[in-house]
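# Kindly return the folded structure for what I paste below:
(chains A, B, C and D)
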Protein chains: 2
Amino acid sequence: MSDADQRPARGRPRTMNAESVLDVAMNAYWQSDPADVSVNAICQMAGISKPSLYREFGSEDGLSRAVLDRYAEQVLSEMFEILHGGKGLRGTLDALIDFASDDPRMETGCLFYKMRAGKHRLGPETRARVEEIDAAARAAYVAFLQAARDSGDWPDSLSVEAGAKYLGEQIALAITQRASGEEPARVREMLTLALSVFSRS
Amino acid sequence: MSDADQRPARGRPRTMNAESVLDVAMNAYWQSDPADVSVNAICQMAGISKPSLYREFGSEDGLSRAVLDRYAEQVLSEMFEILHGGKGLRGTLDALIDFASDDPRMETGCLFYKMRAGKHRLGPETRARVEEIDAAARAAYVAFLQAARDSGDWPDSLSVEAGAKYLGEQIALAITQRASGEEPARVREMLTLALSVFSRS
DNA sequence: GATATAAAATACCGGATAGTATAAAAATGA
DNA sequence: TCATTTTTATACTATCCGGTATTTTATATC
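Numbering: from 1, shown residues only, chains lettered A, B, ... in the order given. Just a heads-up that it's a prediction; the model follows:
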């Protein structure tokens, strides 16, 4: 437990709530795109002044990094849970398809995938965090497919690494298509087709 | 034959070559991203002044639209030729895989897919042209798959429209992955896997 | 040579951006 | 009451953006 949020003994009490600012920024980034939301806009939406934001987060990069951390623990964690759920090949793939195609939270896309797609426009801290998360996701896909192979559910016509990359990119594609307005049923149909390669002998 | 490029009888002769400006702009947009290249930068790279560019193209939107037209007839036409080549299901899919995975011109991605991905950042003319080309591409995919179905090469477990959308998106995904630094062999492996769904009964 | 014309180059405009200097306000402690 | 501390709010900087007004230059015609 850190004392970073300990209220100082003296001085004007702060009205800014860092968590609510992060919520506002996360939803704004998530709904449109980090590259299309300025710090000015975030301050206005959150009802705080720019110096307050900069004192808390240091820079735009610091803010977007904090937002990404929050998104990872609030939203991305669910995807990791599906992968580590141990529901077997078919059950896990179905859960991933459900999540990508029908979860209402993915209706406007995935903030992480948006950041990854526009990686070159991010600051160094945020970009590094994006790459960390990307590596962790790939590792999770690899572990999942390796377990499926070990239990004989999945033929070894393809390497686990290639399958993991393929699986991850197909999920990302499906969610990105939902963000661009594609109907969930259509997205589900295409993702199911793409992942059918894991169910053939 | 229009007389739009007819040299006027009097006045200072023009030093600006519209075609070379378009080449410069196309390559700059193509190599990085239209949203990351300013008109200032294009003028500097092309060695012309801003008023010259604006007299020729009217606006940034006019320039990017002209660039997209040029790209469509110089590069995209090749993809349409592959689709209309009549090489049958297997031959055409293989040609598409070759194009997306190994054509050196797709090494930094496809300008059209970059524009489509950042559609909301484009001007109205360019955006409309992107949508036209997207519709034309979808129609070409549909015609190709319909012909394959008519000749019995492809089972009817999936609608032609859904297959066309799927095929187009997989090609786009493969080329986008190459743009983000993925090895061509890896891209080929994944695209081949994705398109294997067209070869199963 | 004088004039008309068209393109060029320079310099500018208004607006948006990330980031900051400065001052006012609200609390505590003496 | 008065000084100290911390956070606020306002106003500002420098830079870049798309786009343009203005002036200069280079040609053809008279």
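# what bits of chain A have low per-residue confidence?
A:1-9, A:201 (pLDDT under 70).
# Tell me the residues of chain A that contact DNA strand D?
Contacts of chain A with DNA strand D, taken as Cβ under 7 Å from any atom of the strand, map to A:8, A:10-16, A:48-52, A:55. Every residue, glycine included, has its C-beta placed from N, CA and C.
# Can you flag which of the residues you listed belong to strands?
Assignment to strands by DSSP state E places none of the residues of chain A next to DNA strand D there.
# Can you flag the buried ones in those residues?
Burial by neighbour count, 16 or more other Cβ atoms under 10 Å in any protein chain shown: within those this picks out A:Ile48, A:Ser52.
# quick one: contacts for the residue nearest the centre of chain A?
Compute the mean C-alpha point of chain A, and by Cα atoms, centre = their mean the closest residue is A:Phe112, 3.5 Å away. A:Phe112 is in contact with A:Leu68, A:Tyr71, A:Ala72, A:Leu76, A:Val130, A:Ile133, counting by Cβ atoms under 8 Å, 6 or more residues apart in numbering or on different chains.
# For those residues, pick the one with the most neighbours.
A:Leu68 (25 neighbours; other Cβ atoms under 10 Å in any protein chain shown).
# Distance check, the residue nearest to the centre of chain A against B:Ala172.
Applying Cβ to Cβ, to the nearest Å, the value for A:Phe112 to B:Ala172 is 20 Å.
# cool, A:Leu191 as well?
The value you get for A:Leu191 to B:Ala172, if Cβ to Cβ is used, is 15 Å.
# Quick check: residues of chain A near chain B?
A:35-36, A:117, A:120-121, A:158, A:162, A:165-166, A:169-170, A:173, A:177, A:186, A:189-190, A:193-194, A:196-197, A:200 (Cβ under 8 Å from any Cβ of the partner chain).
# taking the residues you listed one by one, which sit in helices?
Among these, the members found in helices (DSSP state H) are A:117, A:162, A:165-166, A:169-170, A:173, A:177, A:186, A:189-190, A:193-194.
# which ones are touching A:Thr92?
With contact taken as Cβ under 8 Å, 6+ apart, A:Thr92 is in contact with A:Ile82, A:Leu83, A:Gly85, A:Phe144, A:Ala148.
# sorry, back to before: can I get the contacts of A:Phe112 in CSV including distance to A:Gly181 and secondary structure?
Shown next, in CSV, are these (distance: Cβ to Cβ, whole Å; DSSP: H, G, I helix; E, B strand; the rest coil):
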residue, distance to A:Gly181, secondary structure
A:Leu68, 25, helix
A:Tyr71, 22, helix
A:Ala72, 26, helix
A:Leu76, 23, helix
A:Val130, 25, helix
A:Ile133, 26, helix
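# Going by distance to chain B, which of the residues you listed wins?
Distance to chain B across these (Cβ to the nearest Cβ) is lowest for A:Val130, with 12.1 Å.
# Where does chain A get nearest to DNA strand D, residue-wise?
Residue of chain A nearest DNA strand D, by Cβ to the nearest atom of the strand: A:Gly11 (2.1 Å).
# And that residue, how far from DNA strand C?
5 Å (Cβ to the nearest atom of the strand, to the nearest Å).
# What of A:Arg105?
Distance from A:Arg105 to DNA strand C, by Cβ to the nearest atom of the strand: 25 Å.
# number of nearby residues for the closest residue to that residue other than its chain neighbours?
Take A:Arg105 and drop its neighbours on the chain: the residue closest to it by Cβ to Cβ, 6 or more residues apart in numbering or on different chains is A:Val75, 6.4 Å away. The number of residues packed near A:Val75 is 17, by other Cβ under 10 Å.
# what sits against A:Val75?
By Cβ under 8 Å, 6+ apart, the contact set of A:Val75 is A:Arg105, A:Cys110, A:Leu111.
# tell me the SS of it?
When classified by DSSP: H, G, I helix; E, B strand; the rest coil, A:Val75 comes out as helix.
# Out of the contacts of A:Val75, who's the most crowded?
For the contacts of A:Val75, the largest number of neighbours (other Cβ under 10 Å) sits with A:Cys110, at 25 neighbours.
# ok, that one touching A:Leu173?
No: in this structure A:Cys110 lies outside contact range of A:Leu173 using Cβ atoms under 8 Å: 11.1 Å.
# where exactly do the helices run in chain A?
A:18-31, A:39-46, A:50-57, A:60-71, A:77-83, A:88-102, A:111-117, A:124-150, A:160-179, A:184-195.
# In CSV, list these along with distance to B:Gly152.
Formatted as CSV, the helices of chain A follow (distance: least, Cβ to Cβ, whole Å):
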stretch, distance to B:Gly152
helix A:18-31, 47
helix A:39-46, 56
helix A:50-57, 62
helix A:60-71, 49
helix A:77-83, 40
helix A:88-102, 30
helix A:111-117, 39
helix A:124-150, 35
helix A:160-179, 28
helix A:184-195, 20
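# Just the buried positions in stretch A:34-51, please.
Buried, per 16+ other Cβ under 10 Å, within stretch A:34-51: A:Pro34, A:Ala35, A:Asp36, A:Val37, A:Val39, A:Ile42, A:Cys43, A:Ala46, A:Ile48.
# Out of the contacts of A:Val75, flag the one nearest to chain B.
Closest to chain B, out of all of the contacts of A:Val75 and judged by Cβ to the nearest Cβ, is A:Cys110, at 14.6 Å.
# which phi and psi does the closest one have?
Main-chain torsions, A:Cys110, degrees, to the nearest 10: phi -110, psi 130.
# and it, what does it touch?
A:Val75, A:Ala172, A:Ile175, A:Thr176, A:Ala179.
# Of those residues, which pair is most distant in space?
A:Val75 and A:Thr176 (15.3 Å; Cβ to Cβ).
# State the number of residues packed around the closest residue to A:Arg70 other than its chain neighbours.
Once flanking residues are discounted, A:Arg70 sits nearest to A:Leu22: 5.2 Å by Cβ to Cβ, 6+ apart. By the criterion of other Cβ under 10 Å, A:Leu22 has 21 neighbours.
# Done for today, thanks.
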